[in-house]
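Chemist: Please find the sequence and the predicted model below.
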Amino acid sequence: MTAAREQPLELTAISHNEGVDAAVSAARRVIASLLHAGDGSAAEMKEVADRLNAVADHLDEHAPAMDQRMVDMWSGEGITRHDPVTGPENTIAPPLHLTGKDDGSVEGVVALGLPYQGPPGHVHGGISALLLDHTLGVANHWAGQSGMTAELTLRYHRPTPLFEQLTVTGEQIAVDGRKIRTRGAITARGEVCVSADGLFIAKHLPRPR
Ligand SMILES: CCCCC/C=C\C/C=C\C/C=C\C/C=C\CCCC(=O)SCCNC(=O)CCNC(=O)[C@H](O)C(C)(C)COP(=O)(O)OP(=O)(O)OC[C@H]1O[C@@H](n2cnc3c(N)ncnc32)[C@H](O)[C@@H]1OP(=O)(O)O
């Protein structure tokens, strides 16, 4: 008999408060702050741009070669740290933090700010697609058979609010040979805002080495 898990399993990397993760958290703040500031801001934007460019110059000067970095990114066998949805090393990741549940599904919560806006006060539909594509991919990984997205069908039921807690879910529904069918949704205040049906094909591109 398998003992029931008391804690849900972490399926995505959690940010450290140090190293590149801390710098990425700061950069996420900068992205949101710039959009909040806009052209009406009293801040001296030329100086801000110069300082940000100096930071980027410093990072580029000390970074490993790109091909080596690609190898490093893909060296682990488990969860990724660089992806654009959950990755603590990726400034454009909100980040969403996903856990695996005993019923075979995955779930995470996230609140999205101004950088992810589409219609006024609401999440851009392409951002919802990004979150769901990735969450369905992780759900397949959790279920034990993963692949590449071949089709992703989205239904936008109601606008997805910014600044509110969203729950993102994914669940593998069926595997038929190499075809994997997976479903998911984004809900806010218990109501479905976006639902997704995905067809994934069991195929994996080779990792850089
Ligand atoms: C992606 C994996 C990442 C791995 C990470 C590893 C560890 C990290 C751990 C945790 C994280 C977990 C997951 C990662 C999270 C998210 C993943 C994001 C997913 C993506 O972001 S991924 C990028 C976008 N994605 C593409 O970039 C795909 C481009 N595309 C292709 O690479 C090919 O197109 C492919 C592979 C789709 C199929 O090519 P193929 O040659 O392998 O397959 P083939 O043609 O033989 O078809 C076999 C049968 O599928 C049917 N079929 C094929 N395609 C179909 C379609 N579109 N619609 C309906 N049916 C279709 C055929 O009709 C046939 O059916 P039948 O057998 O019945 O005839």
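Modeler: Sure thing, it's come through. Numbers count the residues shown, from 1 in each chain.
Chemist: Does the residue positioned nearest the centre of the chain belong to a helix, a strand or coil?
Modeler: Geometric centre of the chain, nearest residue: Val85, 1.0 Å, by Cα atoms, centre = their mean. Val85 falls in the coil class when you classify it by DSSP: H, G, I helix; E, B strand; the rest coil.
Chemist: any idea how far the residue of the chain found nearest the ligand is from Phe200?
Modeler: Nearest residue of the chain to the ligand, counting by Cβ to the nearest ligand atom: Gly137, 2.4 Å away. Glycine gets a C-beta too; all of them are placed from N, C-alpha and C. As judged by Cβ to Cβ, to the nearest Å, Gly137 and Phe200 stand 7 Å apart.
Chemist: Which neighbours do those two have in common?
Modeler: Ser146, Thr149 (Cβ atoms under 8 Å, 6 or more residues apart in numbering).
Chemist: give the contact list for the residue nearest to Met148 when sequence neighbours are not counted.
Modeler: Closest residue to Met148 apart from its sequence neighbours, by Cβ to Cβ, 6 or more residues apart in numbering: Lys203 at 5.2 Å. Contacts for Lys203 (Cβ under 8 Å, 6+ apart) come out as Gly147, Met148, Arg178.
Chemist: Make sure the second one is actually in contact with His204.
Modeler: Yes: taking contact to mean Cβ atoms under 8 Å, the distance of 7.5 Å between Met148 and His204 places them in contact.
Chemist: okay, those two: which has more neighbours?
Modeler: Met148 (12 against 8; other Cβ atoms under 10 Å).
Chemist: In terms of helix, strand or coil, where does Val20 fall?
Modeler: helix.
Chemist: right, I mislabeled it, should have said Gly137
Modeler: Per three-state DSSP, Gly137 ends up helix.
Chemist: Now do the contacts for it.
Modeler: Ser146, Thr149, Phe200.
Chemist: Quick check: which element contains Leu59?
Modeler: Element membership of Leu59 [criterion: DSSP states H and E] is helix 45-62.
Chemist: picking up where we left off before, check what pLDDT the residue nearest to the centre of the chain gets.
Modeler: Per-residue pLDDT puts Val85 at 98.
Chemist: May I ask you to confirm that it is in contact with Ala93?
Modeler: Yes: assessed by Cβ under 8 Å, Val85 is found in contact with Ala93 at 5.5 Å.
Chemist: And the lowest mean pLDDT element among the helices and strands of this structure?
Modeler: Counting by mean pLDDT, DSSP states H and E, the weakest-scoring helix or strand in the chain turns out to be strand 9-10, with a mean of 91.
Chemist: what does it rub up against?
Modeler: Outside strand 9-10, the residues that touch it by Cβ under 8 Å, 6+ apart are Ile79, His97, Thr99, Gly100, Trp142.
Chemist: One more: stretch 26-41?
Modeler: So stretch 26-41 is contacted by Ala43, Val48, Leu52, Thr91, Ile92, Gly113, Leu114, Pro115 (Cβ under 8 Å, 6+ apart).
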